[in-house]
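Colleague: below are the sequence and a predicted model for it; my questions follow.
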Amino acid sequence: MTQRIRYYLFLRDVLLLALTTFGGPQAHLAHFQKILVQKRKYLSEEELMELNSLCQILPGPASTQTLTAIGFRIGGPNLAYLTLLVWIMPAVTIMTAAAIVMSSIQEKHWSIEFTKFIQPMAVGFVSYGAYMISLKTVTTRTGVVLMVVAAVLSYFIQTPFIFPIIILCAGLITALKYRAQPKEEKKKLNIDWSNFSLWAGVLIFAAVLGGVTKALPVKLFENFYRNGSLIFGGGQVLAPLLYTEFVEAQNEPDTDSKVLELKSKIKRQYAPKPLHHPISHHEFLSGYAVAQALPGPVFSFSAYIGALSARDFGFGGEILGAFMSAMGIFLPGTFLIFFVIRFWENFKQYRAVRASLEGITAASAGLVAASAIILFQPLENTFLNFSVTIATFCLLVFTKVPSPLIILGGLIMGFLVR
C-alpha cells in the first residue's frame with residue numbers, strides 16, 4: 001500500500017509539472033530539480049543531471065525522456081508509461097482542441113498577449129536551474145572549465161547536434177582520470193536489446209504498413225515516429241521540419257518574422273520528402289504560438305499538426321490524427337531511454353564510465369547556463385523583461401514561493417496589462 005501511495009504521489013507531482021512547467025526543456029529541468037529533487041527527494045541532484053545528460057545524447061524530447069526515466073527508476077516500465085501519459089496529456093489535449101477550433105475558424109487570429117510575462121519568467125527559471133545545478137554538481141577545477149567551455153560552444157554554435165557532441169567530449173576528457181576512482185568488483189554486463197529492437201521494429205513496420213495501406217493515420221504515425229527518432233535539440237528543431245513537410249506553398253511573400261526565421265532554419269537543416277501540405281502557414285504559426293505558451297512538452301505541437309492533417313475526415317478523424325501523431329513523436333525517445341537505462345547502472349561499474357560523469361554533468365550545467373542567455377535574446381531589451389527575469393530568479397533563490405504560484409502570478413499580470 002505504501003508503494004502504491006508513493007506511485008500515486010509521484011504521478012500527482014508529474015501532473016502538477018505538466019500544468020506548470022513553461023519555457024521548454026531547460027526550464028523543465030529547473031522545475032524537476034525544485035519539485036522532484038528538493039521537495040520530494042525522489043532522486044539526488046547528481047542523479048537528475050546524469051539522467052538528463054543521457055537523454056541529451058539520445059534523439060527525442062529530452063525533458064520527456066528524463067521524466068519517464070525517473071518514473072522507470074521509481075516503479076519500472078508500468079509507472080514510466082503512466083508518467084509519459086500524465087506528462088503529455090494536458091498539452092496534447094489543448095493542442096488537439098486548438099486544431100479543432102482552427103479547422104472551423106481558419107482565419108482566426110490567436111491573441112496570447114496575456115502570456116507576455118511567461119517568456120522572461122521562463123528565463124528566470126532556467127537561470128535558477130543553471131545556478132543550482134552548477135552549485136551542487138560542479139565541484140572541481142576541471143568541471144568548472146568544462147562547464148564554461150560547454151556554455152561558450154553551445155552559445156556560438158547553435159545547432160542541435162552540438163549538444164550530444166559536447167556532452168560526449170566532456171565525458172571522454174574526464175574519463176582519462178579513471179585512476180582516481182575506486183575499484184569495484186565487476187559484475188557481468190548484460191544488455192537487454194528488447195527496447196532497441198522494439199524501437200527499430202516499430203520504425204520498419206510503420207514504414208512498410210504506411211507504404212502498403214496508404215492510410216493517413218498510419219502515414220502520420222510513421223512520419224512523426226521517423227522525425228522523433230532523428231531529432232536532437234527539442235521542439236525548436238522539430239518546428240522547421242514540420243513546416244517543410246506540412247505547410248502548403250504560399251504565393252504571397254512572407255513578411256512575418258517568425259515565418260522568415262523558420263525558413264532560415266529549414267535551409268540549414270535536412271528535411272525528408274514531404275508527406276503532403278494540408279496546413280496554411282497562418283495556421284502553423286498560430287498553433288506554434290499556442291504550443292510555446294503552454295506548459296509541458298513543446299512536442300505536443302505534433303498533435304495540432306496531426307489533427308489539422310486529418311480534418312477532411314471529420315471530428316473523429318481529427319482526434320485520431322492527433323493521437324497517432326503524438327504517439328509517433330513521443331514513443332521513439334521513450335523506447336531508446338528505456339533501452340539505455342536498463343544497463344546504465346551496471347555500466348557505471350567501470351571506472352572510466354564513473355569518471356566520465358564529472359565531465360558529463362559539468363557540460364550539462366554549461367548547456368543550461370547558455371540556454372538562459374539564448375532564451376532571453378529574442379525578447380525585447382526592456383526594463384520590464386529584465387525586471388521579470390531577475391524577480392523570478394530572486395523569488396526562487398531567496399523564498400519558498402511554489403513555482404505554480406509564480407507562474408500564476410505572471411499570467412494574472414499579463415491579463416491585467418494586456
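Modeller: Cool, got the structure.
Colleague: next, the buried residues of the one helix or strand residue 130 maps to.
Modeller: If you go by DSSP states H and E, residue 130 is part of helix 118-137. In terms of neighbour count (16 or more other Cβ atoms under 10 Å), helix 118-137 has its buried residues at 118-134, 136-137. For every residue, glycine as well, the C-beta is placed using N, CA and C.
Colleague: and what of stretch 30-38?
Modeller: Buried, per 16+ other Cβ under 10 Å, within stretch 30-38: 30, 31, 32, 33, 34, 35, 36, 37.
Colleague: low-confidence regions, the stretch 101-250 of the chain specifically.
Modeller: Scanning the stretch 101-250 of the chain for pLDDT under 70 picks out 102-115, 136, 159-161, 184, 186-187, 232-241, 244, 248-250.
Colleague: one more time with 50, if that's ok
Modeller: In the predicted model of the stretch 101-250 of the chain, residues 249-250 satisfy pLDDT under 50.
Colleague: which residues in it form helices?
Modeller: For the stretch 101-250 of the chain, the helices defined by DSSP state H, counting those that start in this stretch occupy 118-137, 141-156, 162-175, 194-213, 216-230, 235-246.
Colleague: in TSV: the ones you listed, plus distance to residue 336.
Modeller: Output for these, formatted as TSV (distance: least, Cβ to Cβ, whole Å):
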stretch	distance to residue 336
helix 118-137	24
helix 141-156	22
helix 162-175	12
helix 194-213	6
helix 216-230	8
helix 235-246	16
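Colleague: quick one: closest of those to residue 341.
Modeller: For residue 341, the closest of the helices of the stretch 101-250 of the chain is helix 194-213, at 9.1 Å, according to Cβ to Cβ.
Colleague: show me what that closest one is packed up against.
Modeller: Here helix 194-213 touches helix 216-230, helix 314-347, going by 3 or more Cβ pairs under 8 Å, 6 or more residues apart in numbering; DSSP states H and E.
Colleague: same question for it: list its buried residues.
Modeller: 195, 196, 198, 199, 202, 203, 206, 207, 210.
Colleague: then stretch 392-402?
Modeller: 392, 393, 395, 396.
Colleague: dump the helix or strand harbouring the first one to PDB, keeping only the CA atoms.
Modeller: It stands for residue 392. Assigned by DSSP H and E, residue 392 falls within helix 383-398. Extracted C-alpha coordinates of helix 383-398, given in PDB (Å, rounded to 0.1, in the frame of the first residue of the first chain):
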ATOM      1  CA  PHE A 383      13.400  47.200 -18.300                       C
ATOM      2  CA  LEU A 384      10.200  45.200 -17.800                       C
ATOM      3  CA  ASN A 385      11.600  42.000 -19.200                       C
ATOM      4  CA  PHE A 386      14.900  42.300 -17.300                       C
ATOM      5  CA  SER A 387      12.900  43.000 -14.100                       C
ATOM      6  CA  VAL A 388      10.600  40.000 -14.500                       C
ATOM      7  CA  THR A 389      13.600  37.700 -15.200                       C
ATOM      8  CA  ILE A 390      15.500  38.900 -12.200                       C
ATOM      9  CA  ALA A 391      12.500  38.900  -9.900                       C
ATOM     10  CA  THR A 392      11.700  35.300 -10.900                       C
ATOM     11  CA  PHE A 393      15.300  34.200 -10.200                       C
ATOM     12  CA  CYS A 394      15.300  36.000  -6.800                       C
ATOM     13  CA  LEU A 395      11.900  34.500  -5.800                       C
ATOM     14  CA  LEU A 396      13.200  31.000  -6.500                       C
ATOM     15  CA  VAL A 397      16.600  31.500  -4.700                       C
ATOM     16  CA  PHE A 398      15.500  33.600  -1.700                       C
END
